[in-house]
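# build me a model:
(one chain, ligands or ions: 2)
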Amino acid sequence: MNLSVVGSGYVGTTIAACFADLGHDVTTIDIDEDIVAAINDGDAPIHEPGLDPMVSLYGGDRLRATTDYDAIRDTDVTFLALPTPANDDGSIDLGAMKAGAESIGETLAEKDGYHLVVVKSTVVPGTTEDELEPLIEEASGKTAGEEFGVAVNPEFQREGSAVDDFMEPDKIVLGTDGDARALDLLAEVYEPLVADWDVPVVETGRREGEMIKYANNSFLAAKISLVNDLGNICKEYDIDAYEVAEAIGMDDRIGEQFLRSGVGWGGSCFPKDTAAIIQHAREAGYEPPVLEAAVELNDQQPERLLSLLDDHTEVEGERVAVLGLSFKPGTDDIRHSRAIPVIEGLQERGAEVVAYDPVATENMRERFPEVTYAEAADEALDGAAGTVVVTDWDEFAALDEEFDAMADPVVVDGRRIIRRRKGITYEGLTW
Ligand SMILES: NC(=O)C1=CN([C@@H]2O[C@H](COP(=O)(O)OP(=O)(O)OC[C@H]3O[C@@H](n4cnc5c(N)ncnc54)[C@H](O)[C@@H]3O)[C@@H](O)[C@H]2O)C=CC1
Ligand SMILES: O=C(O)[C@H]1O[C@H](OP(=O)(O)OP(=O)(O)OC[C@H]2O[C@@H](n3ccc(=O)[nH]c3=O)[C@H](O)[C@@H]2O)[C@H](O)[C@@H](O)[C@@H]1O
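Ligands and ions are numbered 1, 2, ... in the order given. I've put the predicted structure just below:
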């Protein structure tokens, strides 16, 4: 099939490359000329395991990029993978989505025949029906449900494992309100995936599809906050929260995943999506207490980490190493990384911060240009009066004698990645 993907960021590039790998012919549209040039040259514009080989194989061939929305006219289905960031009050900012919908509408005005638009981005319930579809109708002069369709197909991939998550999903959610033509086209798009992996397909309404995405992320974020709450209790009583988590995870009703307590959840989605659905609930007159508490607890974890460091070291004027800057391992993404409040907290205490991350340094340098960035973990640790571990990169598990070069080997581990041993003062956040 001929597919187009509007927005070539983390999601857009991944799904475009994966669709090409499934045998489709794909054109991505982005306003960023550097991204467009990179894809056409066969270079992935983001760091994501498994993406480089696909973009290098298909880029400029079965996978093309352009800044020109008119390319949509040569395709059957357009996926909207534009950003949906948060406004200052936490509510969803639909600016990019509305601009994209209008541009799609304008180009569809010139297209003969049916076209399907699929909302891949995470949008609050009602957005597709009440905001995006009318914009496309107005800009195209065409009638939704007749000359074009608009479906909802949320994405559940995680950064760092996006390609595998897309290729072997737990489920595919198709929100069409029963539009048979839209469903047929989406079935054709996903046929290679569904046939190979026997993936469950949820056929549902568009509002339900939009809500499923928020419910999914809210549940996972709240699950981590609950395990952090329990972990904080464990710490007070010298109980190992990881042993407790492993045991409760054996109960199928709880499940073994997402029980790693520590410095909390960050990233481009959990923070903004919990904020957006809370705000959306408030607009309807409902205050969601559990979700609000999940966010509040998450906001407290970095300060708990730093207070453990305070228990052992007076950091003012001292060199403190921060290990890990990305919001999770396997990505260079620092959006809402817990490293940000940790660095801010250290700066407030007057510490000299020396940070290290295998891939996210350049992104964090833009956020904190005044921080010193080390080329390797041992360089960051050398002479430090303490270190805090914020991201569970595998390479940190191998650190050992590097701690001996610290001025004072105080190690506060926010991710349970460092091996506790004699000769270092080790504090786990919840164990
Ligand atoms: N990052 C992730 O792992 C996941 C993200 N999502 C959702 O997917 C959506 C996209 O997120 P990301 O890919 O992370 O965003 P992103 O910020 O990485 O990428 C968005 C891209 O859209 C481009 N863009 C902005 N305005 C444009 C316009 N008017 N026309 C064409 N291109 C334009 C930007 O240049 C950028 O390359 C969001 O709703 C997000 O919540 C859903 C699941 C996973
Ligand atoms: O909507 C999205 O963008 C995506 O958000 C999350 O994916 P992602 O944020 O990429 O990464 P996760 O693996 O979920 O990790 C999120 C945060 O939770 C933290 N986390 C995760 C698991 C855990 O047990 N403990 C924990 O603290 C991670 O360190 C990280 O900071 C969801 O897992 C995806 O399903 C969803 O598609």
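
# please list the residues of this protein that sit near ligand 2.
Contact residues (C-beta under 6 Å from any ligand atom) of the chain with ligand 2: 122, 155-159, 217, 220, 224, 258-260, 262, 264-270, 327-328. C-beta: built from backbone N, CA, C; applies to glycine.

# give me the buried entries from the residues you listed.
For the residues of the chain next to ligand 2, a burial check counting by 16 or more other C-beta atoms under 10 Å picks out 122, 155-157, 159, 217, 220, 224, 258-260, 262, 264-270, 327-328.

# near ligand 1, which residues of the stretch 151-300 of the chain?
155, 157, 159, 268-269.

# restricted to helices, list the residues of the chain next to ligand 2.
217, 220, 224, 270 (DSSP state H).

# quick one on the thing from earlier: with pLDDT and distance to residue 369 added, can I get the residues of the stretch 151-300 of the chain next to ligand 1 in CSV?
Formatted as CSV, those follow (pLDDT from 0 to 100; distance: C-beta to C-beta, whole Å):
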residue, pLDDT, distance to residue 369
155, 98, 33
157, 97, 31
159, 90, 24
268, 92, 22
269, 95, 26
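
# quick one: mean pLDDT for the helix or strand hosting residue 191?
Using DSSP states H and E, residue 191 sits within helix 180-197. What helix 180-197 shows for mean pLDDT is 92.

# picking up where we left off before, tabulate the residues of the stretch 151-300 of the chain next to ligand 1 (JSON lines), appending distance to residue 234.
What follows is these, written out as JSON lines (distance: C-beta to C-beta, whole Å):
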{"residue": "155", "distance to residue 234": "34"}
{"residue": "157", "distance to residue 234": "32"}
{"residue": "159", "distance to residue 234": "28"}
{"residue": "268", "distance to residue 234": "30"}
{"residue": "269", "distance to residue 234": "27"}
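
# list the buried residues of stretch 42-54.
Buried-residue list, stretch 42-54, by 16+ other C-beta under 10 Å: 42, 44-48, 50-52, 54.

# in helices only, show me these.
51-52, 54.

# mind putting these into a markdown table with pLDDT and distance to residue 210?
Listed next are those as a markdown table, based on pLDDT from 0 to 100; distance: C-beta to C-beta, whole Å:
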| residue | pLDDT | distance to residue 210 |
| --- | --- | --- |
| 51 | 96 | 27 |
| 52 | 96 | 32 |
| 54 | 98 | 29 |
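
# close to ligand 1 as well: tell me which of these qualify.
Among those, no residue is within reach of ligand 1 (C-beta under 6 Å from any ligand atom).

# re the thing from before, could I get the helix holding residue 191 in CSV with only the CA atoms?
Output in CSV follows, covering the C-alpha atoms of helix 180-197 (Å, rounded to 0.1, in the frame of the first residue of the first chain):
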residue,chain,number,x,y,z
ALA,A,180,-16.2,-0.4,7.4
ARG,A,181,-14.1,1.4,4.8
ALA,A,182,-11.7,2.7,7.4
LEU,A,183,-11.5,-0.7,9.0
ASP,A,184,-10.8,-2.5,5.7
LEU,A,185,-7.9,-0.2,4.9
LEU,A,186,-6.4,-0.5,8.4
ALA,A,187,-6.8,-4.2,8.2
GLU,A,188,-4.8,-4.1,5.0
VAL,A,189,-2.1,-1.9,6.6
TYR,A,190,-1.6,-4.2,9.6
GLU,A,191,-2.3,-7.5,7.8
PRO,A,192,1.4,-8.6,7.8
LEU,A,193,1.8,-7.9,11.5
VAL,A,194,-1.5,-9.5,12.6
ALA,A,195,-0.9,-12.6,10.4
ASP,A,196,2.7,-13.1,11.6
TRP,A,197,2.2,-12.6,15.3
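
# distance from the chain centre to the next helix-or-strand element following it, please.
The helix or strand immediately downstream of helix 180-197 is strand 201-204, counting by DSSP H and E. Remark: strand 201-204 is offset 23 Å from the chain centroid, using C-alpha atoms, centre = their mean, to the nearest Å.

# for stretch 42-58, same thing?
18 Å.

# okay, how far is it across that stretch, tip to tip?
7 Å (C-alpha to C-alpha, to the nearest Å).

# no more questions from me, cheers.
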